[in-house]
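# Pasting a predicted model and its sequence here:
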Amino acid sequence: MWPLVVAFVAGLWSVLPAGAQSQTGPRPFVNVVQVTGYLDPVMADFIDRAITESERGGAEVLVLQLDSPGSVLPTAELDALVFRVGHAAVPIAVWVGESGAQALGGAASLVLAAPVVGLAPQARLGEVPKPIFGDLPAAVRTGTVDSAQALELGLADLNEEESAVLGSFVAALDGREVAGRGLETADFVPVADGPPEATLTVDARLAKLDLVPRLMHTVASPPVAYLLVSVALALVVFELFTAGVGVAGMVGAVCGVLGAYGLAVLPTSPVGLALLGLSVFGFAVDVQTGVPRFWTGIGVVAYAVGSLLLFDGVSVGWLPLVAGVVGMVLLMLAGLPATVRSRFSTPTIGRESMIGEMGEATAETAPDGVVRVRDALWSARTNRATPIAVGQRVRVTGIDGLALEVEPEEGGARDYRERRASSGQGATSDDGPVEGGRPG
């Protein structure tokens, strides 16, 4: 029975017109690969695999949607990637998009290697590190050009209108011949008083990095790597002074591993890294006192300069720099000293020895404020009847939780021991002193 059915279907297929047969066949497709951020080993491997899969899968064309500020690849690896793009068996077209995208430095070299190039509106191309295929205009060697300028210089093949969006870019590839292969991507229908209307005849298959490669690619970006290293250094100091390994320690370890990977991929300056380490050491010296001193100043300056010098040839950006420096300074000057005091200043380690110590009010205490005792800042509380002004000398009379009970050095109420000692000649009562210490 089944052989008869197979023979019937085969015979019917043989008499169908060629057009009917093609309609039932697989639809042509283009692969679209999104390339964002710096070109690093993860992204280079992604592009190479996309080229290989497109060659084996029979893609009509491979489109690289590019938005990159440059490359952090070694020169040899970048040159190999540029050669791969320029000599692939599958036609490759690079679209610098969407609007406002950029292709700078090593990424611009990748663009110039592609057989077909288009720039979206407000996209920029330039700052090519060296000539790849002969001499290049000075405008792209030391600066950048837009879509119209790139087309005028012969660096782009499609105009701004054709490269406005991904769909129009793919449609504009129709009829172009790349490496002896004519591309068929769209049908055009004439429209009165206007350009022909294009309908894509291919499927677009969008490819992005998988979760783990995407994470590693993100970690290798300068702002993320810098912030991860900053968090790791801060949490290391935090764990050292809180005498325990908990959630902060585990988070710091993870941030340290990811940050170390980012530093290994990016062009890191040993001087900048050493300055960050020096700054953390300087902060740690003064953390226990809670008072900014000489080493705190060294820490602030070293951290700011180290942040600026951490990477060679790539930019962290002002927002991450400000966030990193300000966050580290605030943590080391305010957050960590308070944590250290709350961790170690408990009655179980002899805090009662502070009773009777002299200090100075650094903020008005009426009844709550801040005092400096033993060169450390403490929350303080005094009697409402004896407010303490800024700069006034104080005496510690007791401890209540994490706050010190204080009184002015002069004019403070005497404690019960002093009152009892003074009652030797005459005790006090609600009605006043009495002879012999007994009520009369």
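Nice, I can see it.

# Domain map for the protein?
As assigned by automatic domain parsing, the chain contains the domains 26-207, 221-344, 352-409.

# Can you get me a residue count around Leu125?
Neighbourhood size, Leu125 [other C-beta atoms under 10 Å]: 29. All C-beta atoms are positioned from the backbone trio N, CA, C, and that covers glycine.

# element containing it, please.
Per DSSP states H and E, Leu125 falls inside strand 124-126.

# which residue sits closest to Phe83, ignoring its sequence neighbours?
Of all residues not flanking Phe83 in the chain, Ala113 sits nearest, at 7.5 Å (C-beta to C-beta, 6 or more residues apart in numbering).

# Ser279 - that's part of a strand, no?
No. Counting by DSSP: H, G, I helix; E, B strand; the rest coil, Ser279 is not part of a strand but helix.

# how much space between it and Val165?
47 Å (C-beta to C-beta, to the nearest Å).

# State the number of residues packed around the spatially closest residue to Val373 that is not a sequence neighbour.
The shortest distance from Val373 to any non-neighbouring residue, by C-beta to C-beta, 6+ apart, is to Gly359 (3.6 Å). Neighbourhood size, Gly359 [other C-beta under 10 Å]: 22.

# So for Ala380, what's the nearest residue that isn't a sequence neighbour?
Val371 (4.2 Å).

# More neighbours: which of Ser279 and Val165?
Neighbours were counted for Ser279 and for Val165 using other C-beta under 10 Å; Ser279 has more, 27 against 15.

# quick one, what contacts that one?
When contacts are counted by C-beta atoms under 8 Å, 6 or more residues apart in numbering, Ser279 touches Ile298, Gly299, Val300, Val301, Ala302, Tyr303, Gly306, Met328.

# Relative to Val224, which of those is nearest.
Met328 (16.3 Å; C-beta to C-beta).

# hmm, who's touching the helix or strand where that closest one lies?
Using DSSP H and E, Met328 sits in helix 318-330. Identification of contacts with helix 318-330 by C-beta under 8 Å, 6+ apart yields 222-223, 226-227, 230, 233-234, 279, 283, 300, 303-304, 307-308.

# Which of those fall within helices?
Counting by DSSP state H, these place 222-223, 226-227, 230, 233-234, 279, 283, 300, 303-304, 307-308 in helices.

# can you put the residues you listed in JSON lines and add distance to Ile388 and pLDDT?
Shown next, in JSON lines, are those (distance: C-beta to C-beta, whole Å; pLDDT from 0 to 100):
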{"residue": "Pro222", "distance to Ile388": "50", "pLDDT": "93"}
{"residue": "Pro223", "distance to Ile388": "46", "pLDDT": "93"}
{"residue": "Tyr226", "distance to Ile388": "44", "pLDDT": "94"}
{"residue": "Leu227", "distance to Ile388": "42", "pLDDT": "93"}
{"residue": "Ser230", "distance to Ile388": "39", "pLDDT": "91"}
{"residue": "Leu233", "distance to Ile388": "38", "pLDDT": "87"}
{"residue": "Ala234", "distance to Ile388": "34", "pLDDT": "84"}
{"residue": "Ser279", "distance to Ile388": "36", "pLDDT": "89"}
{"residue": "Phe283", "distance to Ile388": "31", "pLDDT": "82"}
{"residue": "Val300", "distance to Ile388": "31", "pLDDT": "87"}
{"residue": "Tyr303", "distance to Ile388": "36", "pLDDT": "90"}
{"residue": "Ala304", "distance to Ile388": "37", "pLDDT": "92"}
{"residue": "Ser307", "distance to Ile388": "41", "pLDDT": "92"}
{"residue": "Leu308", "distance to Ile388": "44", "pLDDT": "92"}
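
# Tell me the buried residues within those.
222-223, 226-227, 230, 233-234, 279, 283, 300, 303-304, 307 (16 or more other C-beta atoms under 10 Å).

# Pipe those residues into CSV and attach distance to Leu263 per row.
Supplementary listing: these in CSV, determined by distance: C-beta to C-beta, whole Å:
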residue, distance to Leu263
Pro222, 10
Pro223, 13
Tyr226, 9
Leu227, 12
Ser230, 12
Leu233, 12
Ala234, 16
Ser279, 16
Phe283, 20
Val300, 22
Tyr303, 16
Ala304, 19
Ser307, 13
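
# Pick out whichever of those residues sits closest to Gly58.
For those, the closest approach to Gly58 (C-beta to C-beta) belongs to Pro222, at 38.7 Å.

# which residues sit in contact with the closest one?
Pro222 makes contact with Tyr38, Gly262, Leu266, Phe311, Val314, Ser315, Val316, Gly317, Pro320, according to C-beta under 8 Å, 6+ apart.

# what's the neighbour count on the third one?
With neighbours defined by other C-beta under 10 Å, the count for Leu266 comes to 23.

# Now that it has come up, it's in contact with Val72, right?
Yes. Leu266 lies in contact with Val72 (C-beta atoms under 8 Å); the separation is 5.4 Å.

# what sits in contact with each of the two?
Applying C-beta under 8 Å, 6+ apart, one finds that Leu266 and Val72 are jointly contacted by Ala220, Val314.

# Excluding covalently adjacent residues, which one is nearest to Ala50?
Nearest to Ala50 is Val33, by C-beta to C-beta, 6+ apart, at 4.5 Å.

# what lines up beside the host helix or strand of the one you found in the sheet?
In the assignment (DSSP H and E), Val33 maps to strand 29-36. Next to strand 29-36 in the sheet, as set by DSSP bridges, lie strand 61-67 (parallel), strand 203-207 (parallel).

# can you list the residues that contact it?
Strand 29-36 is touched from outside by 43, 46-47, 50, 53-54, 57, 59-68, 107, 166, 170, 185, 202-208, with contacts defined as C-beta under 8 Å, 6+ apart.

# any idea of the mean pLDDT in that strand?
The average pLDDT within strand 29-36 is 94.

# quick thing: my sequence starts at 526, can you match it?
Got it, first residue is 526 now, which makes that one strand 554-561.

# For it, list every residue counted as buried.
Phe554, Val555, Asn556, Val557, Val558, Val560, Thr561.

# what's the burial count for Ile880?
Neighbourhood size, Ile880 [other C-beta under 10 Å]: 14.

# Any stretches of the protein with poor pLDDT?
Counting by pLDDT under 70, the ranges of the chain that qualify are 526-550, 655-659, 767-771, 813-817, 860-877, 936-965.

# Can you pull up the most central residue in it?
Geometric centre of the chain, nearest residue: Val749, 2.6 Å, by C-alpha atoms, centre = their mean.

# could you list every residue that touches that one?
Contacts of Val749 by C-beta under 8 Å, 6+ apart are Thr743, Gly787.

# Tell me if I'm right that Ala818 and Val812 touch.
That one is not Ala; residue 818 is Arg. No. If you go by C-beta under 8 Å, Arg818 and Val812 don't touch, sitting 10.6 Å apart.
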